[in-house]
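>>> give me coordinates for this.
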Amino acid sequence: MRLAAYLNVNYENDDLLPVLIVVFNLVPVSIFLAVMSFTIVVNFGTALIIQMIALVFCLAWLIPCAILCSVSALVVWQAIQFTRFLIGAYIDRSLSKSIPPYSVLK
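Here you go, the predicted structure:
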């Protein structure tokens, strides 16, 4: 077993990307839900068309924010994966130079 796998670097089957997407999109979705809840309470006695207009304006704000936050989460995830790759490569390289080949973590 390689030390990099033991230290959980270069681990390819992790579920970090969905978690990052949820965390990065939590604030815009929370704001969207708060605004929609407020407009439902305020527009309770008025026409449905006003609520639909509010929904369209809120979605016009939410969709670009969600796309931007998801792309930001993807960039952060790629940076984390690249950092894990560099750490794993550094550990493997330093181990292969300092320890004889037959005694490397058997």
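
>>> give the other helices and strands that the lengthiest helix in the chain contacts.
Ranked by residue count, the top helix of the chain under DSSP state H comes out as helix 48-98. Using 3 or more CB pairs under 8 Å, 6 or more residues apart in numbering; DSSP states H and E as the contact test, the elements touching helix 48-98 are helix 3-6, helix 16-42. Where C-beta positions appear, they are placed from N, C-alpha and C, glycine not excepted.

>>> any low-confidence regions in this protein?
Under the criterion of pLDDT under 70, the regions of the chain flagged as low confidence span 1-13, 45-46, 97-106.

>>> quick check, central residue of it?
In the chain, the centroid-proximal residue (CA atoms, centre = their mean) is L20; its distance is 1.9 Å.

>>> residues in contact with it?
For L20, the contacting residues are 73-74, 76-77, by CB atoms under 8 Å, 6 or more residues apart in numbering.

>>> kindly report the same for I80.
With CB under 8 Å, 6+ apart as the criterion, the residues that contact I80 are L16.

>>> how close does it sit to D14?
For I80, the distance to D14 under the criterion CB to CB, to the nearest Å works out to 9 Å.

>>> next: I63.
Applying CB to CB, one obtains 28 Å for the distance of I63 from D14.

>>> cool, and A54?
39 Å.

>>> re earlier: which residue is the nearest non-sequential neighbour of the residue nearest to the centre of the chain?
Closest residue to L20 apart from its sequence neighbours, by CB to CB, 6 or more residues apart in numbering: A73 at 4.1 Å.

>>> was I right about the one you found contacting F24?
Yes. Contact between A73 and F24 holds when scored by CB atoms under 8 Å: they sit 4.0 Å apart.

>>> neighbours of C69, just the number please.
Burial of C69, expressed as a neighbour count using other CB atoms under 10 Å, amounts to 19.

>>> separation between it and N25?
Taking CB to CB as the criterion, C69 is separated from N25 by 5 Å.
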